[in-house]
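Visitor: model the structure of this input:
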Amino acid sequence: MSVQTCVCYCTDRSYLFPTLVSALQARAHATPDIADIIIVCFDVDAATISIATSICDKNNIILFSRSGSDIDGAPAMLGRLYLDEILPENYKNILYVDGDTQVKSSLNEFLSCPPPEGRFFASADPMVFLLDDNSKAGEFVRNHFLGIGLNPEQSRQYFNTGVLYFNRSAWAVIAEQARTIIRSQNTMSRFPDQDILNIVGIERALPMSLSWNFPVFLFNARLENTIQPKIVHYMSQPKPWEGTFRPWKTGDYEPYPAFVTAYPEIAGLWKRGSLLRTVRYFAQQHYKCFCETRRWGRGALHTQILSYEAKCRDAEKTEQLSV
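Guide: Here you go, the predicted structure:
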């Protein structure tokens, strides 16, 4: 009997290297009889596909090569909106994961509890915690949510799309609505598919613990011991494959050189910054660490995150009792 659940990534050539690393970690943390691991590549050249396929075959990972025309010429990051059309029909539940992530812990328990029919799990985007903040960032968030048509209640439910666990039938409806909107637009917003997915899917979203989509900057908020991140999402720049920068440590960088050591044929896809960029990132991340620790490490923002996590954990317990 075929597996009905998969962990799925969508990528182009530029993000294939970190995606492979994350997929290898997902494979190590998900039992094969619980979930398949899938990478869908868009417009990647045949030589690169051959190398990546060989690596995937050795690690029990499935790789699909698709043309950009299969997603209406959209960027690969919008590939998640076409998964109901691309993936084999046996996959009823899909955990979508961005490529700029690392899987730190077992996925088995989470994958074994799929979302209810017609719903999906998603974590709050960090912007949500700024809604009541009396700052320029808070003002930007409030204006942004208002500008895309979310009312105050919906604004507090705005979710991040870096990790999504969805029931395929529900996603087919949401994705089609999102694709229709994208086709009608001439320009994209700052958060293109994320805004649109919130507009069409927010009523179907169920809150998911930040442990499954942990924004890396929250390490500066001293929240890792409470939240215990299982999937770390390296939002914004720099990325962990570019070096060891705060707030992450050497252990977050090490999987990438280790991957190249094991598979030297993939080295050409490893993009590392110049010395000047490294110095700039070093200074930038130290400054951000200082600011974010002061801002998120205590006070109202810290309390809001803990409150959100408590609600997610309570919801998980209720769901487990109802099964």
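Visitor: pLDDT weak spots in the chain?
Guide: 1, 186-191, 317-323 (pLDDT under 70).
Visitor: need the strands for it, in chain order.
Guide: Assigned by DSSP state E, the strands in the chain fall at 5-11, 36-42, 62-66, 93-97, 101-103, 120-124, 159-167, 205-207, 214-215, 231-233.
Visitor: which strands and helices lie in contact with the lengthiest helix in the chain?
Guide: Longest among the helix segments of the chain by residue count, using DSSP state H, is helix 299-322. Helices and strands touching helix 299-322, by 3 or more Cβ pairs under 8 Å, 6 or more residues apart in numbering; DSSP states H and E, are strand 205-207, helix 224-227, helix 275-296. Placement of C-beta: from N, CA and C, glycine included.
Visitor: the residue lying closest to V103 once chain neighbours are set aside and I231, how far apart?
Guide: Once flanking residues are discounted, V103 sits nearest to Q25: 3.9 Å by Cβ to Cβ, 6 or more residues apart in numbering. According to Cβ to Cβ, to the nearest Å, Q25 and I231 sit 9 Å apart.
Visitor: these two - which one has more neighbours?
Guide: I231 (27 against 20; other Cβ atoms under 10 Å).
Visitor: ok, that one - contacts?
Guide: Applying Cβ atoms under 8 Å, 6 or more residues apart in numbering to I231 gives the contacts 97, 101-104, 163, 211-214.
Visitor: could you dump these into a markdown table and include neighbour count?
Guide: Formatted as a markdown table, the contacts of I231 follow (neighbours: other Cβ atoms under 10 Å):
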| residue | neighbour count |
| --- | --- |
| V97 | 28 |
| T101 | 26 |
| Q102 | 23 |
| V103 | 23 |
| K104 | 17 |
| V163 | 23 |
| S211 | 21 |
| W212 | 25 |
| N213 | 28 |
| F214 | 27 |
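Visitor: just the closest of those residues to K311, please.
Guide: Of all those, the one sitting nearest K311 is S211; the distance, using Cβ to Cβ, is 13.5 Å.
Visitor: once you drop chain neighbours, what's closest to the residue most central in space within the chain?
Guide: Residue closest to the mean C-alpha point of the chain, counted by Cα atoms, centre = their mean, is G162 at 2.2 Å. Once flanking residues are discounted, G162 sits nearest to D98: 4.2 Å by Cβ to Cβ, 6+ apart.
Visitor: done for today, thanks.
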